[in-house]
Structures are given as C-alpha cells and as structure tokens.
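[1] Need a 3D model of the sequence below.
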Amino acid sequence: MDTVKNLIQKFRFFGKLSNDEQAAIIKSSVIKKYSKNQILHDQNSECLGLVMVLSGTVRVTMISENGREVNLYKLGVGDVDVLAASCVIHEVTFETSIVAQQDCEILVIPASIISNIERENIYLHSYILEIVADKFSEVMWTMQQIFFKRIDQRIAIFLLDEYVKNHKNLTIKVTQEELAKDVNSAREVIARMLKRMSEDGYIELSRGKITIKDIDGIKKLAITD
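    Residues are numbered from 1 along each chain as shown. You can find the predicted model right below:
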C-alpha cells in the first residue's frame, strides 16, 4: 500500500498547491478501514471530506422521507467523491450516506482542510466542482433508470455492467438483496423477475450467484424500450 504522501501526490491538483498547502493536506490526511455494511458517513456524521477508495467498494445512497433507500452510485478503487463534505460545497443541500459494500480502505482528506484551501486555491476549487458535476451526472443516470426503465431492463443493464467489469465472466456474484439495492427495487420484486428471466432462459440462478446463459438475449433486453 502506498503511503499517504504518495497517494496524495496522485491528485492532479496537488502540484498547484503552495508548499504550506501541500504540507497541511499530507499531515491531516488519513487512511481508514471499514467493514462490510459499515456506515462511513450519513446525515448524523460530521463532514467527512474528500475521499478516495483504495480497496473494496462503497455505495452512496439517499434515504427518502418514508425510509426508502435509493442507491445513487457506487465508488470503486481509485474513485474520488466529495458529496460527503456538504460543509465544503454549500450548494449541495441534500444529505447522502456512504456505506461499505465490501471491506474497504478509504483515503480521507478532512473537510476542514479542503474547505480552507479551496477558498483560496482556484485549482482545488475547480477540481471539487468537476467531481460534483460528475457525480450529479451519475445521479441523473440513476433517476433515469428508476423512472424510465422496466425492472427487467435494469437487471439486464446491471448484469452487462458486471459482465464487462469482470472480464466477460458470465457468472456474477451477487445476492438478490444486493441486486435489489443496486437497481433500486424491492427484494421481492427482484426475486419474481429473476425467476421469470430464468424460466425464459436468460439466466441460471444459484445461491449468491447469477449465471448469464443467453448473453445476446440479455443485451437485447437491456436496450429494449
């Protein structure tokens, strides 16, 4: 594992900071470990700051007033997020939660340090705004899936994404509960749809796994209006 200093130097804004700013960020940044399903940040937490995923995967979610959890997007190794630092980005007025989907390690640059520096450094300020714009784009994509895609399409899209991520491995390791969270649906609905897709020959189900049996059929299902 790289040291904190080496990891911080990988941020492209780092070279645009003064020596004092660089030293302050390196000194204050920490690597934190979280267990699966542990909450990294929620509305009851203090501002977390700028985060980079070093290992594992985390989910960024929002809880509705009626208690429904909506999965906004996921962060994998190397991904950076700043929506957990609403005290830095005052334009962000909604609260998100970050939950470890797997055991993970996270690099954290504290919000207090980021906030102080980005007010004076246009390069860091621009970098943060770029991250926000990118994450809002992902949120809008998620909303599009929820409002305009059928559940079987959303499952097909998920399976294709995992198929590509796992180097075209046809067996996807995911539980029905995890899949329900990923596609923002109820577990019962997912169970019924997976059973139907299995009966139609698209997939084969086993404990904690979904095996794609008809990849061309899954591709067609993903793009069907």
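[2] contacts and neighbour counts: CA atoms only from here.
    OK.
[3] what domains does the record give for the protein?
    Following automatic domain parsing, one finds the domains of the chain at 4-140, 148-223.
[4] is it possible to export these to JSON lines including mean neighbour count and mean pLDDT?
    Formatted as JSON lines, these follow (neighbours: other CA atoms under 10 Å; pLDDT from 0 to 100):
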{"stretch": "domain 4-140", "mean neighbour count": "17", "mean pLDDT": "87"}
{"stretch": "domain 148-223", "mean neighbour count": "16", "mean pLDDT": "94"}
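[5] Now do the longest helix seen in the chain: which elements does it pack against?
    Longest helix of the chain, by residue count under DSSP state H: helix 122-148. Applying 3 or more CA pairs under 8 Å, 6 or more residues apart in numbering; DSSP states H and E, we find helix 122-148 packed against strand 69-75, strand 80-81, helix 111-118.
[6] 10 Å - rerun?
    Here helix 122-148 touches strand 69-75, strand 80-81, helix 111-118, helix 151-165, going by 3 or more CA pairs under 10 Å, 6 or more residues apart in numbering; DSSP states H and E.
[7] Which of the ones you listed sits closest to residue 133?
    Smallest distance to residue 133 across the helices and strands packed on helix 122-148 (CA to CA): 10.8 Å, for strand 80-81.
[8] by contact count, what packs against that closest one?
    If you count contacts as 3+ CA pairs under 10 Å, 6+ apart, strand 80-81 packs onto strand 49-55, strand 104-110, helix 122-148.
[9] which residues touch the helix or strand that it is followed by?
    Using DSSP states H and E, the helix or strand that follows strand 80-81 in sequence is strand 97-100. Around strand 97-100, the neighbours that count as contacts under CA atoms under 10 Å, 6 or more residues apart in numbering are 33-45, 56-63, 69, 71-75, 83-84, 106.
[10] My read is that residue 8 contacts residue 109, right?
    Yes. Here residue 8 lies in contact with residue 109, judged by CA atoms under 10 Å, at a distance of 8.8 Å.
[11] Now for those two: what residues contact both?
    Counting by CA under 10 Å, 6+ apart, the shared contacts of residue 8 and residue 109 are 25, 26, 29, 52.
[12] how close does the residue nearest to the third one when sequence neighbours are not counted sit to residue 144?
    Excluding its sequence neighbours, the residue lying closest to residue 29 (CA to CA, 6 or more residues apart in numbering) is residue 109, at 4.6 Å. Using CA to CA, to the nearest Å, one obtains 32 Å as the distance from residue 109 to residue 144.
[13] Surely residue 116 is in contact with residue 49?
    No. If you go by CA under 10 Å, residue 116 and residue 49 don't touch, sitting 11.7 Å apart.
[14] Not counting residues beside it along the chain, what's closest to residue 181?
    Once flanking residues are discounted, residue 181 sits nearest to residue 71: 6.2 Å by CA to CA, 6+ apart.
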